[in-house]
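Undergrad: following is a predicted model, sequence given first.
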Amino acid sequence: MKRYLFFSLVLSALLVALTGCSLFETAPVPTLDENLIQTYAAQTVTARQTLSALETMVGVLTNQPPTSQPSAESSATPRPPTMTPIATNTVVSLPTNTPTATPVPQTPTPETPCLWAAFVKDVSVPDGTSYAPGNKFTKTWRLQNKGTCTWTSGYDLVFVSGDSMGGAASVPFAGDVLPGQTVDLSINLTAPTSTGSYTGYYQLRTNTGTLFGTGFGGGTKFYVKITVAVATLTDMNIANQYCSATWTSSTGAVACPSSSYDFTNGSVVVVKPPKLEGGYTDDEPAIVMVPSNGTGGEISGRFPAITVKSGAHFTALTGFMDGYTNGNVMFMLNYSADGGADQNLKTWTKTYDKTFVRIDIDLTSLAGKKVQFVLKVLNNGGSSTDDVAFWLAPKFTGQ
């Protein structure tokens, strides 16, 4: 027993001696590069930010809050977030960083100028209207006062450049034109004697001499533009070509078209559709003629020559425009064949009685001749009051 105990003690001492040098020796600590440590730290931060962003996105897509991040001291292993599948064809809008819009500076609205005219329409003589050499006509514009100042009776319509065509240098306003109102301005002109195209430019002038026109600020001129050509009758319904005729009265040349019914000097216009005596309205155009006033007052239109064909006729319906109850005139259809003196084909008298006179004249006797036809209306009794007479649908048939 003693021997066994001694042997055990010796064996234990030997083992202690053999292991003593390493049993309590501290393991060497590895030396890390400082740059490598900083790299590991940056990667760790980046990984945590990426994980956080991923969880936020998953939360947006699945409507679940992001999984809480473990603290730096926590040793628990984080579980991956539970993801809910997104339905097929579902459009998901992700939040984006919207840049702040740069404010756009507002352009101030310009103030309405004091003097400003706006062109509305050509009341008469559309651009390019053709006239025979020497024919007289009246040009009428309709303008609107678009400015803030009233146009007074001291203002004028003035010719400024181009072809004056025998017109006045200026025409005064008949009255005031308030802002927003329209006015018809007319000037009497004469077609030049040479063929070609002619244009006259006009503006308005204030009582202090300031010129202005159309366009914003009034800097644009308005104009009349015609063509002068040797007159030919190409439309046998002569109401469609009535200004190809030369119009005269006992007081001189008559403008075509006239600006209004003129009971002093005579006038001619075409009305469509016309309201005839008795209230009847027709869809055909009517040449409306007013003779000049006084004894021997008349008006006539001489049309370009045509070569009459065999079997040709002249037809028309005549009477007074509705409401002119005191009308009393003599109608005449005259002609000049091959340059000869005027001859009468037919004459008839008409008063306002709510009836019409229809004419149909056979022109066979003039076949083969070059003929100028003349429409003529004379007042009866020396007064032209209410003598507003019409030729409805005057035409040559069989031509």
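TA: Ah, there it is.
Undergrad: what about the strands in the stretch 201-350 of the chain?
TA: 211-212, 222-228, 246-249, 252-253, 267-271, 286-290, 298-302, 306-307, 313-320, 328-337, 343-351 (DSSP state E, counting those that start in this stretch).
Undergrad: now do the same contact list for the residue nearest the centre of the chain.
TA: Centroid-nearest residue in the chain, with C-alpha atoms, centre = their mean: residue 120, separated by 10.6 Å. When contacts are counted by C-beta atoms under 8 Å, 6 or more residues apart in numbering, residue 120 touches 141-144, 182. Placement of C-beta: from N, CA and C, glycine included.
Undergrad: let's have the residues you listed in JSON lines, adding pLDDT, neighbour count and distance to residue 195.
TA: Below are these laid out as JSON lines (pLDDT from 0 to 100; neighbours: other C-beta atoms under 10 Å; distance: C-beta to C-beta, whole Å):
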{"residue": "141", "pLDDT": "96", "neighbour count": "23", "distance to residue 195": "25"}
{"residue": "142", "pLDDT": "96", "neighbour count": "15", "distance to residue 195": "29"}
{"residue": "143", "pLDDT": "97", "neighbour count": "22", "distance to residue 195": "31"}
{"residue": "144", "pLDDT": "97", "neighbour count": "17", "distance to residue 195": "35"}
{"residue": "182", "pLDDT": "97", "neighbour count": "12", "distance to residue 195": "35"}
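Undergrad: could the residues you listed be laid out in CSV, adding distance to residue 115?
TA: Compiled in CSV, those are given as follows (distance: C-beta to C-beta, whole Å):
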residue, distance to residue 115
141, 17
142, 18
143, 12
144, 13
182, 16
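Undergrad: picking up where we left off before, going by mean pLDDT, which of the strands of the stretch 201-350 of the chain comes out lowest?
TA: The minimum mean pLDDT among the strands of the stretch 201-350 of the chain belongs to strand 252-253 (a mean of 89).
Undergrad: where do the domain boundaries of this structure fall?
TA: Annotated domains of the chain cover 112-230, 231-399 [automatic domain parsing].
Undergrad: residue ranges with poor pLDDT in the stretch 51-200 of the chain?
TA: Filtered on pLDDT under 70, the stretch 51-200 of the chain yields the residue ranges 51-109.
Undergrad: just the strands from it, written as ranges.
TA: So, for the stretch 51-200 of the chain - with DSSP E, counting those that start in this stretch - the strands run 117-122, 129-131, 136-145, 156-162, 170-172, 182-190, 196-205.
Undergrad: buried residues of the last one, list them for me.
TA: Of all the residues in strand 196-205, those buried under the rule 16 or more other C-beta atoms under 10 Å are 198, 200-205.
Undergrad: please apply the same query to the fifth one.
TA: Of the residues in strand 170-172, those buried by neighbour count under the rule 16+ other C-beta under 10 Å are residue 171.
Undergrad: okay, now the sheet partners of that strand, with direction.
TA: As defined by DSSP bridges, the strand partners of strand 170-172 come to strand 156-162 (antiparallel).
Undergrad: got the contact list for the partner strand?
TA: 167-173, 185, 187, 198-205, 211, 221, 223.
Undergrad: recalculate using a threshold of 6 Å.
TA: The contact list for strand 156-162 (C-beta atoms under 6 Å, 6 or more residues apart in numbering) reads 169-172, 185, 199-203, 205.
Undergrad: does residue 367 touch residue 312 like I think?
TA: No: applying C-beta atoms under 6 Å, one finds residue 367 not in contact with residue 312, separated by 7.2 Å.
Undergrad: neighbour count winner among the two?
TA: residue 312 (20 against 14; other C-beta atoms under 10 Å).
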